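In: Everything below, folded, please.
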Amino acid sequence: MPILLLLLFPLFTSAYANIEGDALYAFRRAVKDPKNVLESWDPTLVDPCTWFHVSCDSQNRVTRLDLGNAKLSGVLVPELGKLEHLEYLELYRNNFVGTIPSELGGLKNLISLDLFHNNLTGFIPPSLSRLSNIRFMRLNHNKLTGRIPRDLTKLQNLKIMDVSNNDLCDTFPTWGSFSKLTEESFKNNPRLEGPELMGSVRYDDRDGN
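Out: Numbers count the residues shown, from 1 in each chain. Now for the predicted structure:
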């Protein structure tokens, strides 16, 4: 059995590489890259771990994507949700537009989600409440709208949550993991009225807000 596993290990590694490589290349096709920071992302190479700005673990599984301040523009593709071993998604200070894909909620190993200083619109996906390992979620300085999903308060490992400088509305929760946050995390949302006391209002997040 150990010999069989040893023989199969390269197949497992290759399968991960193909899935993750396809997901990253779908992202590359969806963005404009004036500084050619993605020039090394060659889809003919089996292993995306050889690409710049991509980090992998010892099993060649993508764990980090570092593309902050890279002058990229375009949309965030749902294929990013296939990077199931990703721990750090650093896409801050670019010019991404469109919505945050709900598929990012499937990144169960994600520790840091940094999408700040872009031009993202739409709701904060309630699916982000499934990121059980998340510690840092920075969505500030975008154009996000709607209510803050209440299920985000269940993220027990959350240390920093910043949704300031958007166009969010209604109130913000103050219980669960949000009890540790200050009002600085929510400032400069003109339609956000202030803190909400737990149990004062019943909310329905099924419509994504």
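In: residues in contact with the spatially most central residue of the chain?
Out: Nearest to the geometric centre of the chain sits Leu113, at 4.4 Å (C-alpha atoms, centre = their mean). Neighbour list for Leu113: 89, 104, 128, 131, 134, 136-139 [criterion: C-beta atoms under 8 Å, 6 or more residues apart in numbering]. C-beta here means a position set from N, CA and C on the backbone, and glycine is covered the same way.
In: between the residues you listed, which is closest to Glu184?
Out: Arg138 (12.3 Å; C-beta to C-beta).
In: how about the closest one, what does it touch?
Out: In this structure, Arg138 makes contact with 92, 113-116, 160-162, judged by C-beta under 8 Å, 6+ apart.
In: quick one: contacts for the nearest residue to Ala70 once chain neighbours are set aside?
Out: With sequence-adjacent residues excluded and distances taken as C-beta to C-beta, 6 or more residues apart in numbering, Ala70 is closest to Val37, at 4.8 Å. Going by C-beta under 8 Å, 6+ apart, Val37 touches 52-53, 67, 70-72.
In: Pull out the buried members of those residues.
Out: 53, 67, 70, 72 (16 or more other C-beta atoms under 10 Å).
In: Could you dump the residues you listed into JSON lines and include pLDDT?
Out: As requested, the buried ones among the contacts of Val37 are exported to JSON lines (pLDDT from 0 to 100):
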{"residue": "His53", "pLDDT": "98"}
{"residue": "Leu67", "pLDDT": "98"}
{"residue": "Ala70", "pLDDT": "98"}
{"residue": "Leu72", "pLDDT": "98"}
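In: pLDDT at Ala15, what is it?
Out: pLDDT recorded at Ala15 is 48.
In: on that earlier part again, highest neighbour count among the contacts of Leu113?
Out: Ile134 (26 neighbours; other C-beta atoms under 10 Å).
In: residues in contact with it?
Out: 110-113, 128, 155, 157-158.
In: Give me the average confidence score over stretch 147-161.
Out: For stretch 147-161, the per-residue pLDDT averages 97.
In: And it, end to end?
Out: Distance across stretch 147-161, first residue to last, is 15 Å (C-alpha to C-alpha, to the nearest Å).
In: what do you get for stretch 95-114?
Out: 13 Å.
In: and that stretch, how far from the chain's centre?
Out: 2 Å (C-alpha atoms, centre = their mean, to the nearest Å).
In: just to revisit the earlier point, just flag the most distant two among the buried ones among the contacts of Val37.
Out: His53 and Leu72 (10.5 Å).
In: wait, is Gly74 part of a helix?
Out: No - using DSSP: H, G, I helix; E, B strand; the rest coil, the assignment for Gly74 is strand, not a helix.
In: mind checking which helix or strand the residue nearest to the centre of the chain is in?
Out: Element membership for Leu113, per DSSP states H and E: strand 112-114.
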